[in-house]
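Chemist: make a model of this:
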Amino acid sequence: MRTGDKYLPESDAHPPKVLPAVAAHAIAAYTESGDLVVDPMAGIGTTLVEAMRLDRMAIGVEYEPRWAALAMQNVEHAVNRGAPGFATVVNGDAREIEALVGRDVRRRASLVLASLPWNLGDSCCDSSAFVQVLSSCRTLLKPDGFLVIVANAGRGLGQAGDVAAVAVDAVLDAGFALHERCHLLLAPPDDEPMGCAADTPLVVARAGGPDDHSMENTGCGCGPDLRYNASSRRSA
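Modeler: Got it, this is the predicted structure:
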């Protein structure tokens, strides 16, 4: 999926975190043409390329210079192949995302799309940095914008439910209210008929409070509403 004509072959060197089909689904479900999408951990630019192909604007932040440079190359590659949208990449620490992307982006993003760090949930991994990234992204979202976390399974998080639970904790700790949860089932390629379908949970949140009824009937509709707040989680 990465080495086709949408991405440069060098992209295969990066550990995949967000499959193009998953990013495209989230962007199509939670944004409209011309909307702004932000990826605070852009990697090779998968979210940016898929946003451009769907005629969205996108900004990505990537901490490692190597991947930030490759993400920009993939963006340029998408432009050369006729993608109608626009995207850019900034190299830096997403915990300071507003300073990196500029204050003019404040309250303009319709979607923040991020992947759960591969080792989040391991005893050796401190989740505070990821929570800080999500908290920093709140200032970029429109009042009716969405935060979507792609909860791919990582080391020590083999069960999809466990992965989603870790993502839910991070979202709530960052001050968001849960909106819904989806499970995307991706069938194996035709040339791997015995392969297993990939189960990718998406945890979807909003910056508004849990009693904000403007959230109702909004979303992709492929999962039940899980709207509750941090206090109800603790009491449970």
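Chemist: residues touching the nearest residue to residue 84 once chain neighbours are set aside, list them.
Modeler: The shortest distance from residue 84 to any non-neighbouring residue, by Cβ to Cβ, 6 or more residues apart in numbering, is to residue 55 (4.4 Å). All C-beta atoms are positioned from the backbone trio N, CA, C, and that covers glycine. Going by Cβ atoms under 8 Å, 6 or more residues apart in numbering, residue 55 touches 33-34, 84-85.
Chemist: show the buried residues in those.
Modeler: By neighbour count, with 16 or more other Cβ atoms under 10 Å, the contacts of residue 55 hold residue 85 as buried.
Chemist: which one of the contacts of residue 55 is nearest to residue 64?
Modeler: Distance to residue 64 across these (Cβ to Cβ) is lowest for residue 85, with 24.1 Å.
Chemist: backbone phi and psi for that closest one, please?
Modeler: Main-chain torsions, residue 85, degrees, to the nearest 10: phi -90, psi -170.
Chemist: among the contacts of residue 55, which two are most distant?
Modeler: 34 and 84 (10.0 Å).
Chemist: show me where this protein has helices.
Modeler: Taking DSSP state H, the helices of the chain run over residues 20-30, 46-53, 65-80, 97-101, 128-137, 160-173, 230-235.
Chemist: per-residue pLDDT, the residue nearest to residue 84?
Modeler: We note a pLDDT of 98 for residue 55 in this prediction.
Chemist: state the number of residues packed around residue 21.
Modeler: 14 (other Cβ atoms under 10 Å).
Chemist: that one contacts residue 185, correct?
Modeler: No - at 10.9 Å, residue 21 and residue 185 do not qualify as touching, with contact defined as Cβ atoms under 8 Å.
Chemist: list the buried residues of stretch 101-121.
Modeler: Quick answer for stretch 101-121 (16+ other Cβ under 10 Å): 101, 105, 108-118, 120-121.
Chemist: what's the answer for stretch 74-91, then?
Modeler: 74-75, 77-78, 83, 85-87, 89-91.
Chemist: do stretch 175-189 as well
Modeler: 176-182, 184.
Chemist: avg pLDDT for stretch 62-75?
Modeler: Stretch 62-75 comes out at a mean pLDDT of 96.
Chemist: that stretch: how far from the chain's middle?
Modeler: 16 Å (Cα atoms, centre = their mean, to the nearest Å).
Chemist: in it, what's buried?
Modeler: 62-63, 67-68, 70-75.
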